[in-house]
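**Student:** Show me how the following folds:
(2 chains)
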Amino acid sequence: MSSKETTPISKQLQQSYEQMFENNRAWAAAQSAKDPNYFKVLAEGQSPDYLFIGCSDSRIPAEQVTGLQPGEAFVHRNIANVICNTDLSAMSVINYAVRHLHVKRIIVFGHYGCGGVQAAMKPQDLGLLNPWLRNIRDVYRLHEDELNAISDATARYNRLVELNVVEQCRNVIKTAAIQQSYAANGFPVVSGWVFGLHNGLIKDLEIDFEATLKDVQKIYNLTS
Amino acid sequence: MQDRFTTALQANKEWAARTAQEYPDLFPSLANGQSPEILWIGCSDSRCPETVVLGLKPGDVFVHRNIANILHAGDLSSGAVIEYAVRHLRVNHIVLSGHTKCGGIAAALGNKQLGILDPWLLPLRQIREQNLPLLQTLSPEDATVKMAELNVREGVKLLKSKGVVLEAMQERGLQVHGLIYDVACGMLRDIDTKDSEDEIKRRLVAFKTEA
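**Tutor:** Down below sits the predicted model:
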């Protein structure tokens, strides 16, 4: 341990780290008290019905806001819930969730007030973040006419958040894993949700999965 | 299926109403921005919901979750998360958490071809190769736990080789921790990843970069 780690700030940080273990012990004890078999069942394996692809933003813990219990939702979280076809991380998550866990529904879970979406539209060089946020600029370009017609800046930004979710749903649907599983089993279906930070409520964008799949497959058909 | 979907949306309405009542300041403050103290990097496994397990609330933990909490040096997804969390949100802790009964680790301890997952899991196979004699003396269950620990150690090492992390460690005392979450009891266990003075010196010589 370096001498630096004994300064007051590091002592305070150490305490906040130790607090995490205290909170965790209290949570684990409360679950066992409610149901003595709680962890025994979880230890046997997972068979989640959902895959959530959400933003890394600290304000949207998917399980808490949907009441889903441990074991119910497989979760991938990155900056601005982007699904890029050359991103091995997201592609591996989708592949594993669909082919191995056989999830029934995939939810792309965006949120209003997304810092990533906002940053993507600034005329600014953000270094390492540039290639990642480029995906969101592409969403803007695809919907340029609609977005430019919205005069209110907040309303335009909110709409970009929604359109980003819609486009990322399309990107999920472009994968071979989803197309083949859906053809064989009738699942998973893909939904797009947007979370409102001001009231904690989810808006379902009611994406027509069948129609989107059909449209996507005109070019991106990977079923055989 | 439709029923379970509707249930989750209904549960959200109830959660929002209950939360607004219990913590009247929470949503107004969330709408103003985030200032999480912790970046959590963990596995996508459904049994490891970080914010719940940590007994924390919305706004407390910035989160990246991927298959088997693997950190690849060239992975832009985790790279962008770390950059944003450390440089822009200025988190005080990075917590890299592995867990017991990890499917990704079980896969890397087997020899089945898995398509697109193979390149993703490759770092786990490298760990397997480097520790083969040790892993072969262990029961399958102990081997997966050992692999989970070794994977976290590798990840912590990689985190501490990133310029943005090194800089924040030196300048403002950012802490990097390694954990294992035991899904069979719900408890987090710290893995000691502290470095010797010599390791710190070598790391700075090799990885510290200047503007």
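**Student:** And residue B:135, how far from chain A?
**Tutor:** Separation of residue B:135 from chain A (CB to the nearest CB, to the nearest Å) stands at 21 Å. (C-beta placed from N, C-alpha, C; glycine too.)
**Student:** Checking the residue most central in space within chain A next. Helix, strand or coil?
**Tutor:** The geometric centre of chain A, computed from its C-alpha atoms, lies nearest to residue A:54 (CA atoms, centre = their mean), at 1.3 Å. Under DSSP: H, G, I helix; E, B strand; the rest coil, the three-state class of residue A:54 is strand.
**Student:** distance of it from residue A:157?
**Tutor:** Computed as CB to CB, to the nearest Å, the residue A:54 to residue A:157 distance reads 19 Å.
**Student:** Check residue A:188 too.
**Tutor:** Using CB to CB, residue A:188 is found at 30 Å from residue A:157.
**Student:** So between the two, which is more surrounded?
**Tutor:** Each of residue A:188 and residue A:157 has its neighbours counted (other CB atoms under 10 Å in any protein chain shown); residue A:188 has more, 27 against 17.
**Student:** contacting residues around that one?
**Tutor:** Residue A:188 is in contact with A:51, A:98, A:103-106, A:178, A:181-182, counting by CB atoms under 8 Å, 6 or more residues apart in numbering or on different chains.
**Student:** and if we set it to 6 Å?
**Tutor:** Applying CB atoms under 6 Å, 6 or more residues apart in numbering or on different chains, one finds that residue A:188 lies in contact with A:103-106.
**Student:** Same check on residue A:218?
**Tutor:** Residue A:218 is in contact with no residue at all, counting by CB under 6 Å, 6+ apart.
**Student:** host element of it?
**Tutor:** Using DSSP states H and E, the secondary-structure element containing residue A:218 is helix A:209-220.
**Student:** buried ones in that helix?
**Tutor:** Of all the residues in helix A:209-220, those buried under the rule 16 or more other CB atoms under 10 Å in any protein chain shown are A:209, A:212-213, A:216, A:220.
**Student:** Low-confidence stretches in chain A?
**Tutor:** Applying pLDDT under 70 to the predicted model, the residue ranges of chain A that meet it are A:1-7.
**Student:** And it, what are its domain boundaries?
**Tutor:** Under the assignment the TED database, the domains of chain A span A:1-44, A:46-218.
**Student:** Return the most buried member of these.
**Tutor:** A comparison of these by mean neighbour count, using mean count of other CB atoms under 10 Å in any protein chain shown, puts domain A:46-218 on top with a mean of 20.
**Student:** Need phi/psi at residue B:18.
**Tutor:** phi -70, psi -40 (degrees, to the nearest 10).
**Student:** how many neighbours does the spatially closest residue to residue A:91 that is not a sequence neighbour have?
**Tutor:** In space, not counting the residues next to it along the chain, residue A:91 is nearest to residue B:116; the distance is 5.6 Å by CB to CB, 6 or more residues apart in numbering or on different chains. With neighbours defined by other CB under 10 Å, the count for residue B:116 comes to 16.
**Student:** Residue B:116 is in contact with residue A:96, isn't it?
**Tutor:** No - here residue B:116 lies out of contact with residue A:96, judged by CB atoms under 6 Å, at a distance of 9.2 Å.
**Student:** wait, does the helix ranked longest in chain A contact chain B?
**Tutor:** Among the segments of chain A that qualify as a helix by DSSP state H, the longest is helix A:8-34. Yes - in this structure, helix A:8-34 sits against chain B according to CB under 6 Å from any CB of the partner chain; the contacting residues are A:9-10, A:13, A:20-21, A:23-24, A:26-28.
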